[in-house]
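sequence? don't have it. structure:
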């Protein structure tokens, strides 16, 4: 379980074995490879969740993403950071994202 | 953090509602080849040579285009999909597009390499069709010796790897007496089993496959003998058949609304068995075909001689424009076999509901059909000489099910991620009515 600081300070990337798709207005995350994610499930994210997922490019960290959300959805940055942390934690636990840098790398 | 769960059924219904209104092609099938290593007695394929079929690049392009348009459920079928040596490449391309991918196979060509691929990149489901439970039966039904031995090994290879396998069968006459055994076999494996009695005419117009159909009495005996299957039929009947209302349109299923089919030659159709209003995907894009000619079929009205369009039992019947076209040459044609099966089945269901009058009406209608009666003006199966016996079937009157009367009359929001549990691949005992 990653703590809040990890989730905010560390850039993440989508797992290479998860496909993100928009289908009939729904934003879906579909795991395609065994061991990579919870294969017994497919996932759907709402607009804010999909915006976060699309911003996971391996260079932005959680604070950058929260700033972006704050502008796009007109919410205060503190609130946006809480959303980002909560969402990243869910993504990590489901195996849908991975840290952009190996553990221990500055 | 525990993610809120949505059931798969709820998710599917939600997506269908959203996609239906916008005519999103949510569900598709691609016959990647007609080539097959079996020659099943009931098969609808007229040419197994593989001539003129799509290249690997063409199939991959079409898969990508369908994903771009919003397709989620994709079926790779044949023929036998593993008769194409490029199956792993096609399969992986489809997986990487994020389809919920199903594969239909006869199971005889699955080896460890393919089983490993399916274990590492799991399909949403893979279904084998069983043609018996012994090499001897397979020889009768598929024309080749030793095939059940191969299928049995393939089943083990997939179950060892926990691949989402299910098994199915077609209740044809040569399998009479084996259906119960097949169900018990699947139950012993903990694998889902389903069957139906649908046998199409062949795509070239031959009615040879229909000669191996089980009799209507036998089909309904299967329904009656299995309490679980019968309960599913009854639920379906009350929920979907009874509320059916007459429609002026030819089509009554989802073909061309949210679903499509692509033939091995690259023709986009609304349905695999309905070669009308097709679009050549080798000459244009999926988008052009889907939003162009393929949707036209939905606007077609049933002809005056289509005695099935106003039938109150049409949602229970396996006759559809596709099966009618293959058997009668017209999508408005009438198929006595399905008419008899449907009325016998409806009689059984009405008996269970306690509606003796309706049961009697339906049973009388089935008997008339069995005796050779046909609705006046109906287009009949090719090479079938039936008497057109008048405006009504004389089944005691007022049987609207036959359509006889019509024939005579002519901003910021809380962030959320939900997980949707996939339907269980191994559900133990169930036999699912294929609807």
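Done, it's in. What you see is a predicted model, and the numbers here were worked out from it, not measured in a lab.

for chain B, what's the nearest residue on chain A?
When distances are taken as C-beta to the nearest C-beta, chain A approaches chain B most closely through residue A:19, which lies 3.1 Å from it. Heads up, the C-betas are built off the backbone N, CA and C, glycines and all.

any residues touching whichever strand or helix holds that residue, and which ones?
Here residue A:19, judged by DSSP states H and E, is contained in strand A:18-23. The contact list for strand A:18-23, computed with C-beta atoms under 8 Å, 6 or more residues apart in numbering or on different chains, reads A:14, A:27-32, A:36-37, A:50, A:53-54, A:95-96, B:15, B:19, B:24, B:26, B:67, B:70-72, B:96-98.

let's see which of those end up in helices.
With helices identified by DSSP state H, the entries of the contacts of strand A:18-23 that belong to them are A:50, A:53, A:54, B:15, B:19, B:67, B:96.

which among those end up buried?
Buried positions within the ones in helices among the contacts of strand A:18-23, assessed by neighbour count (16 or more other C-beta atoms under 10 Å in any protein chain shown), are A:50, A:53, B:15, B:19, B:67, B:96.

separation between the last one and chain A?
Read it as residue B:96. For residue B:96, the distance to chain A under the criterion C-beta to the nearest C-beta, to the nearest Å works out to 7 Å.

can you list the low-confidence ranges for chain B?
In the predicted model, chain B carries pLDDT under 70 at residues B:1-2, B:383-419, B:421-435.

closest residue of it to chain A?
Nearest residue of chain B to chain A, counting by C-beta to the nearest C-beta: residue B:98, 3.1 Å away.

so that residue touches residue B:66, yeah?
No: when contacts are counted by C-beta atoms under 8 Å, residue B:98 is not listed as touching residue B:66 (11.6 Å).

those two - which one has more neighbours?
The residue with more neighbours, out of residue B:98 and residue B:66 and counting by other C-beta atoms under 10 Å in any protein chain shown, is residue B:66; that gives 26 against 22.

so where do the strands sit in the chain?
Assuming you mean chain A. Counting by DSSP state E, chain A has these strands, from start to end: A:12-14, A:18-23, A:26-31, A:41-45, A:97-99.

ah, I was thinking of chain B
B:5-6, B:27-31, B:73-77, B:100-105, B:125-130, B:165-170, B:193-196, B:259-262, B:267-269, B:279-280, B:373-374, B:387-388, B:417-421.

quick one: name the residues of chain A near chain B.
Counting by C-beta under 8 Å from any C-beta of the partner chain, the residues of chain A close to chain B are A:19-26, A:28, A:30, A:32-34, A:38-49, A:52, A:73-75, A:83-84, A:86-87, A:89-91, A:93-94.

my guess is residue A:46 contacts residue A:27. True?
Yes: with contacts counted by C-beta under 8 Å, residue A:46 reaches residue A:27, the gap being 7.4 Å.

which one of the two has more residues nearby?
It is residue A:27, of residue A:46 and residue A:27, that has more neighbours when counted by other C-beta under 10 Å, with 19 against 16.

pLDDT wise, what is the closest residue to the more buried one other than its chain neighbours at?
Spatial nearest neighbour of residue A:27, chain neighbours left out: residue A:50 (3.6 Å); criterion: C-beta to C-beta, 6 or more residues apart in numbering or on different chains. Note on residue A:50: pLDDT of 94.

residues in contact with residue A:50?
Residues counted as contacts of residue A:50 (C-beta under 8 Å, 6+ apart) are A:20, A:22, A:27.

same question, residue B:271
Applying C-beta under 8 Å, 6+ apart to residue B:271 gives the contacts B:253, B:255, B:256, B:259, B:261, B:321, B:322.

list the beta-bridge partners for the nearest residue to the fourth one once chain neighbours are set aside.
With C-beta to C-beta, 6+ apart as the criterion, residue B:259 has its nearest non-adjacent residue at 4.3 Å, and that residue is residue B:27. Partner residues in beta bridges with residue B:27: residue B:73, residue B:259, with DSSP bridges as the criterion.

could the strands of chain A be laid out in a markdown table, adding mean pLDDT?
Output for these, formatted as a markdown table (pLDDT from 0 to 100):
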| stretch | mean pLDDT |
| --- | --- |
| strand A:12-14 | 95 |
| strand A:18-23 | 95 |
| strand A:26-31 | 94 |
| strand A:41-45 | 91 |
| strand A:97-99 | 93 |
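
in chain A, what helix or strand scores lowest on average pLDDT?
The helix or strand with the lowest mean pLDDT-type score in chain A, counting by mean pLDDT, DSSP states H and E, is helix A:4-9 (a mean of 84).

mind naming the longest helix for the chain?
This is for chain A. Ranked by number of residues, the top helix in chain A under DSSP H is helix A:77-93.

other chain: chain B
Secondary structure of chain B read by DSSP H shows that its longest helix is helix B:336-353.

returning to that earlier point: now do the strand holding residue A:19: distance to the chain's middle.
Strand A:18-23 has its average C-alpha position 13 Å from the chain's average C-alpha position, going by C-alpha atoms, centre = their mean, to the nearest Å.

name the residues of it that are buried.
For strand A:18-23, a neighbour-count test (16+ other C-beta under 10 Å) marks A:18, A:19, A:20, A:21, A:23 as buried.

same check on stretch B:343-362?
Of the residues in stretch B:343-362, those buried under the neighbour-count criterion (16+ other C-beta under 10 Å) are B:343-352, B:358-359, B:361-362.

what about it, how long is it end to end?
Taking C-alpha to C-alpha, to the nearest Å as the measure, stretch B:343-362 stretches 5 Å from start to finish.

tally up the residues packed near the closest residue to residue B:250 other than its chain neighbours, please.
When the adjacent residues along the chain are set aside, residue B:250 lies closest to residue B:300, with 4.3 Å between them (C-beta to C-beta, 6+ apart). Other residues lying near residue B:300 total 16 when counted by other C-beta under 10 Å.

give me the number of residues near residue B:338?
Should you count by other C-beta under 10 Å, residue B:338 turns out to have 24 residues around it.

my guess is it contacts residue B:322, does it?
No: at 11.9 Å, residue B:338 and residue B:322 do not qualify as touching, with contact defined as C-beta under 8 Å.

picking that back up, okay, the strands of chain B in CSV with mean neighbour count and distance to residue B:239 next?
Output for the strands of chain B, formatted as CSV (neighbours: other C-beta atoms under 10 Å in any protein chain shown; distance: least, C-beta to C-beta, whole Å):
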stretch, mean neighbour count, distance to residue B:239
strand B:5-6, 16, 21
strand B:27-31, 23, 21
strand B:73-77, 22, 22
strand B:100-105, 22, 24
strand B:125-130, 21, 24
strand B:165-170, 22, 23
strand B:193-196, 20, 18
strand B:259-262, 24, 21
strand B:267-269, 23, 29
strand B:279-280, 18, 34
strand B:373-374, 23, 31
strand B:387-388, 11, 35
strand B:417-421, 20, 23
